[in-house]
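Chemist: need coordinates for the below:
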Amino acid sequence: MIETQPFSSFPADGLAIIIGTNGGIGAQVAAQIRASGHFADMIGTSRTSAPSLDITREDDIKALADTASASGHDLRLVFDATGYLHGPHGGPEKSWSAIDPEAMAYQFRINTIGPALLLKHLLPLFPRKGKAVFATISAKVGSISDNQLGGWYGYRAAKAALNQIVKTASIELARKRPDAICLALHPGTVATPLSDPFAKQGVRLQKPEESVASMLSVINAASVTQSGSLMSYNGDSLPF
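Modeler: Numbers count the residues shown, from 1 in each chain. Coordinates of the predicted model:
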């Protein structure tokens, strides 16, 4: 049984927003935040929610920001659980010969540009004082210095770009909301449809509830000195 996270470092009675609640990780984030009882309200969105949110459509994100503004609660937590690794728009490339411009552009639309638009519209809603966190799912394979195996050109590049956006946003955020934090999170290898086909023998697969409990613990423990970092689910700071 996963212990419910207390979110003790956050001011009480705030608003939490989760994007991507139709996925294995996002659904668990919503469930554990709801079970904590710490936040006064929670908004969960996805392409299949009502109203729906497509992370590639800026109008959808603007509408989400308007809903958050009208909630009457301070926005304290945004958890972006969206991402694309494989599917109808292609999958990880084993060689440069497999690079496809349209498939790579889609990787960037979902894994980089979408989260950047969330930052654009939701970070300004963070209160001037008190802890608030924007967390987005990145990946260890987005680390340039840790790349030892090659391959996965589009996904690696899109996640590396996301890490840069998080780092850059954290600098501006520190000037405007000095108590707020911006994090990129590596969830580990999680048993979800996104990662299942690529799980290697000998690599421990986490259940979504395990990975999420760990990431929420990292968020609860995070301080402003870690803002802009790529953090692993186990609390380690990972290299860019």
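Chemist: how about the strands in this structure?
Modeler: Secondary structure of the chain, counting by DSSP state E: strands at 15-19, 41-45, 75-80, 132-137, 180-186, 230-232, 237-238.
Chemist: what's the neighbour count on the closest residue to His73 other than its chain neighbours?
Modeler: Taking Cβ to Cβ, 6 or more residues apart in numbering, and ignoring the residues beside it in sequence, His73 has Leu15 as its nearest neighbour in space, at 4.0 Å. Glycine gets a C-beta too; all of them are placed from N, C-alpha and C. Neighbourhood size, Leu15 [other Cβ atoms under 10 Å]: 22.
Chemist: what do you get for Leu122?
Modeler: Neighbourhood size, Leu122 [other Cβ under 10 Å]: 20.
Chemist: what residue ranges in this structure score low on pLDDT?
Modeler: Along the chain, the model assigns pLDDT under 70 to residues 1-5, 193-203.
Chemist: longest helix anywhere in it?
Modeler: Among the elements of the chain assigned as helix by DSSP state H, the one spanning the most residues is helix 153-176.
Chemist: so which residue is dead centre in this protein?
Modeler: In the chain, the centroid-proximal residue (Cα atoms, centre = their mean) is Thr136; its distance is 1.8 Å.
Chemist: show me what contacts that residue?
Modeler: Remark: with contacts taken as Cβ atoms under 8 Å, 6 or more residues apart in numbering, Thr136 is in contact with Phe79, Asp80, Pro115, Leu118, Leu162, Val166, Leu183, Ala184, Leu185.
Chemist: tell me where this protein has helices.
Modeler: Listed in chain order (using DSSP H), the helices of the chain are 24-36, 58-69, 101-108, 114-122, 153-176, 208-221.
Chemist: cool, thanks, signing off.
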